[in-house]
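Asks: Give me a model of this one.
(one chain, ligands or ions: 1)
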Amino acid sequence: MNAELQQLRERLQRVYDLNGISRLLHWDQATYMPPGGAPARARQTALIRQIAHREFTDPEIGRLLDALEPYAESLPPDHDDAALIRVTRRDYERATRIPPALVAEISEHTAQTYQVWTEARPANDFDRVAPYLEKTLELSRRVAECFPGYEHIADPLIDFADHGMTVAVIRPLFEELRKHLVPLAEAITAQEPPDDTCLHAHYPADEQLAFGQEVIRRFGYDFQRGRQDLTHHPFMTKFSLGDVRITTRVKEDDLSEALFSTLHEAGHALYEQGISPAYEGTPLARGASGGVHESQSRLWENLVGRSRPFWEFFYPRLQARFPDQLGRVSLETFYRAINKVQRSLIRTDADEVTYNLHVMIRFDLELQLLEGELHVRDLPEAWRARYEQDLGVVPPDDRDGVLQDVHWYAGLIGGGFQSYTLGNIMSAPFFEAALNAHPEIVEEMRRGEFGTLHAWLKEHIYRHGAKFTPAELVERVTGQSLTVEPYVRYLWRKFGALYGVMQPQA
Ligand code: ZN
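Replies: Purely as a prediction, here's the structure:
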């Protein structure tokens with residue numbers, strides 16, 4: 001047995017557990033903690049993170065990685081040990097290259113900025129937060145500068161979330177996607193919008209939660225290794241591979257809120273629960289990237305959970321739970337309601353067709369800010385112009401415009417948005433590959449069975465954890481590099497049929 005590898009694993013296990021503790025503190029804060037706990041909790045979280053960072057950036061880890069390099073090189077690249085050493089090295093470089101003083105400055109600044117944003121947004125006061133955003137932009141550039149050799153200044157920031165992805169890769173993909181989405185959204189919104197009032201009857205919370213849990217149990221979410229609780233902003237979190245939790249929120253006058261956030265977070269959780277137990281306690285025990293993670297939440301939420309075969313099975317069950325609200329509503333009416341497409345202002349409320357337009361606007365504006373092509377003071381106007389151009393709507397104020405998302409006000413500028421759309425783009429070729437291998441998946445969905453799909457995803461994606469880069473994973477799973485075609489094909493097929501619109505011939 002390799003003594004150095006053993007030592008490395010022991011150290012990584014400690015860091016992994018410290019991170020698990022930090023997530024547990026956060027989970028508690030976001031679910032059950034009384035408000036009075038906030039000041040102490042902020043200290044406790046900062047303390048644990050500091051200890052985790054110190055342990056992980058200990059020069060001894062660098063020494064062990066150096067000592068293990070010849071061993072790693074003697075192995076095939078997809079050997080688990082080689083992957084462990086490679087991924088740990090990448091994380092270690094990231095953690096050690098940013099000077100501790102800069103890390104401290106960023107965490108202090110973002111805490112302040114977030115505080116100011118929570119007041120500026122309801123007051124519709126962009127000017128108040130603008131100076132903070134200027135500083136955030138400067139700090140974001142300084143972080144990027146810690147990783148010299150990049151092609152675009154956003155590349156290092158993107159790399160944190162989506163390793164190996166760069167502006168040069170993402171920009172053409174997004175341009176291509178926008179070229180398809182804008183006419184699709186236009187064709188659809190020229191039609192009579194479907195009636196979705198059936199989603200807004202009174203739906204008691206307990207029954208909604210019970211239904212969501214019935215669905216995700218059938219997906220394969222393991223309640224022996226997870227649980228669901230209530231929160232303000234739904235998320236998935238993991239303390240170990242044996243404890244992967246999800247959260248949701250319920251609106252009694254909106255059936256889609258709890259249901260689809262449950263399916264979404266369960267998609268993230270199925271990924272984490274499916275990682276090979278051999279990777280527990282190491283940096284391999286996580287998803288391949290933000291984008292790949294999002295591909296799984298979207299696959300279960302949308303490609304499965306908003307599909308007709310899925311509802312052929314579940315709709316009668318939903319009706320049985322809510323006979324007064326849905327007893328006289330047909331499957332067709334319900335299916336159209338949950339797939340309503342509309343031009344809207346808020347990203348998180350957007351439908352499958354327009355969602356990515358929201359994301360790409362943010363991605364482009366981030367790049368322009370980082371490039372120095374756009375000044376912070378001109379951001380609200382640039383936001384309005386792009387909304388008008390891409391979505392045909394203009395926010396009446398900054399509250400529902402440039403102030404709507406927390407990302408720029410609670411972190412860096414750059415790298416925070418691309419994962420959502422990369423995930424959507426990836427979800428389609430992954431699902432297609434599963435269907436090609438097992439065409440019976442559709443029939444199984446009609447019976448409320450998901451075993452074949454889940455097992456296929458586990459085998460080809462989940463069990464590998466962070467072993468492969470997103471590009472490698474896409475290549476392995478689909479046999480080709482990432483393109484928007486499968487996703488565009490999926491959207492046109494589904495929404496073209498739903499709205500009776502035809503794809504213009506190229
Ligand atoms: Zn997600």
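Asks: Check the gap between A3 and A382 for me.
Replies: 56 Å (Cβ to Cβ, to the nearest Å). (C-beta placed from N, C-alpha, C; glycine too.)
Asks: wait, G414
Replies: Distance of G414 to A382, given as Cβ to Cβ: 16 Å.
Asks: More neighbours: these two, which one.
Replies: Neighbour count, other Cβ atoms under 10 Å: between G414 and A382, G414 has more, with 30 against 18.
Asks: Just the element for the closest residue to that one other than its chain neighbours, please.
Replies: Closest residue to G414 apart from its sequence neighbours, by Cβ to Cβ, 6 or more residues apart in numbering: L157 at 3.6 Å. Using DSSP states H and E, L157 falls within helix 155-161.
Asks: What are the contacting residues of that helix?
Replies: Residues outside helix 155-161 that contact it (Cβ atoms under 8 Å, 6 or more residues apart in numbering) are 94, 140, 143-144, 146-147, 150, 165-167, 170, 289-291, 370, 412, 414-416, 418-419.
Asks: Out of those residues, list just those in helices.
Replies: Using DSSP state H, the subset of the contacts of helix 155-161 located in helices is R94, S140, V143, A144, V167, I170, G290, G291, L370, Q418, S419.
Asks: possible to save those as a markdown table with distance to T110, neighbour count and pLDDT?
Replies: Output for the ones in helices among the contacts of helix 155-161, formatted as a markdown table (distance: Cβ to Cβ, whole Å; neighbours: other Cβ atoms under 10 Å; pLDDT from 0 to 100):
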| residue | distance to T110 | neighbour count | pLDDT |
| --- | --- | --- | --- |
| R94 | 17 | 15 | 94 |
| S140 | 11 | 25 | 98 |
| V143 | 12 | 20 | 97 |
| A144 | 16 | 22 | 98 |
| V167 | 23 | 21 | 98 |
| I170 | 24 | 24 | 98 |
| G290 | 18 | 23 | 98 |
| G291 | 23 | 28 | 98 |
| L370 | 17 | 23 | 98 |
| Q418 | 20 | 30 | 98 |
| S419 | 19 | 23 | 98 |
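Asks: which one of these is nearest W300?
Replies: Comparing the ones in helices among the contacts of helix 155-161 against W300 with Cβ to Cβ places G291 closest, at 15.6 Å.
Asks: so what's the most centrally placed residue in the chain up against?
Replies: Nearest to the mean C-alpha position of the chain, counting by Cα atoms, centre = their mean, stands E294 at 4.0 Å. Going by Cβ under 8 Å, 6+ apart, E294 touches S419, Y420, L422, G423, N424, M426, S427.
Asks: Now do H109 against A130, distance only.
Replies: Plainly put, H109 is 14 Å away from A130 if you go by Cβ to Cβ.
Asks: neighbour count winner among the two?
Replies: Neighbours were counted for H109 and for A130 using other Cβ under 10 Å; A130 has more, 18 against 15.
Asks: Per-residue pLDDT of that one, please?
Replies: With respect to pLDDT, A130 scores 98.
Asks: Please, which helix or strand holds it?
Replies: According to DSSP H and E, A130 maps onto helix 126-145.
Asks: all strands for the stretch 251-400 of the chain, in order.
Replies: Counting by DSSP state E, counting those that start in this stretch, the stretch 251-400 of the chain has no strands to list.
Asks: quick one, helices of it?
Replies: With DSSP state H, counting those that start in this stretch, the ranges of helices along the stretch 251-400 of the chain come out as 255-273, 290-298, 308-321, 323-326, 331-338, 355-371, 379-391.
Asks: just the stretch 401-506 of the chain next, same as before
Replies: In the stretch 401-506 of the chain, the helices defined using DSSP H, counting those that start in this stretch lie at 407-410, 418-437, 441-446, 451-460, 470-478, 485-499.
Asks: contacting residues for the residue nearest to H438 when sequence neighbours are not counted?
Replies: Nearest non-adjacent residue to H438, counting by Cβ to Cβ, 6+ apart: T452, 5.0 Å away. Contacts for T452 (Cβ under 8 Å, 6+ apart) come out as H438, E440, I441, E444.
Asks: Give me the buried subset of those residues.
Replies: I441, E444 (16 or more other Cβ atoms under 10 Å).
Asks: so R86 touches E73, yeah?
Replies: No - counting by Cβ atoms under 8 Å, E73 is not a contact partner of R86; they are 10.3 Å apart.
Asks: For those two, indicate the residue with more neighbours.
Replies: Each of R86 and E73 has its neighbours counted (other Cβ under 10 Å); R86 has more, 21 against 10.
Asks: Phi, psi for that one please.
Replies: R86 has phi and psi values of phi -70, psi -50 when expressed as degrees, to the nearest 10.
Asks: Can you check the pLDDT for the closest residue to it other than its chain neighbours?
Replies: Among residues not flanking R86 along the chain, A72 sits closest, at 6.7 Å (Cβ to Cβ, 6+ apart). A72 is assigned 97 on the pLDDT scale.
Asks: A72 and L64, how far apart?
Replies: From A72 across to L64, the span is 11 Å (Cβ to Cβ).
Asks: neighbour-wise, which of these two wins?
Replies: Taking other Cβ under 10 Å, A72 and L64 do not tie; L64 has more neighbours (23 against 19).
Asks: Assign that one to helix, strand or coil.
Replies: Here L64 is helix, with the state taken from DSSP: H, G, I helix; E, B strand; the rest coil.
Asks: Who are the contact partners of it?
Replies: Listed by Cβ under 8 Å, 6+ apart, the contact set of L64 reads E4, Q7, L8, R11.
Asks: Excluding chain neighbours, what is closest to the second one?
Replies: Ranked by Cβ to Cβ, 6+ apart and with sequence neighbours excluded, the top spatial neighbour of Q7 is L64, at 5.9 Å.
Asks: go on, T469?
Replies: Of all residues apart from its sequence neighbours, G164 sits closest to T469 (Cβ to Cβ, 6+ apart), at 4.4 Å.
Asks: wait, doesn't that neighbour sit right on V474?
Replies: No - the criterion here is Cβ under 8 Å, and G164 misses it with V474 at 10.5 Å.
Asks: between these two, which one's more packed in?
Replies: The residue with more neighbours, out of G164 and V474, is V474; 26 against 14, by other Cβ under 10 Å.
Asks: right, and that one touches S481 too?
Replies: Yes - using Cβ under 8 Å, V474 makes contact with S481 at a distance of 6.6 Å.
Asks: Kindly provide the whole-number mean pLDDT of the longest helix anywhere in the chain.
Replies: Taking DSSP H as the criterion, the chain has its longest helix at helix 3-31. Mean pLDDT, helix 3-31: 97.
Asks: following that helix, which helix or strand comes up?
Replies: Next along the chain after helix 3-31, taking DSSP H and E as the criterion, comes helix 38-56.
Asks: Check which helices and strands that next one sits against.
Replies: Judged by 3 or more Cβ pairs under 8 Å, 6 or more residues apart in numbering; DSSP states H and E, the packing partners of helix 38-56 are helix 3-31, helix 80-97.
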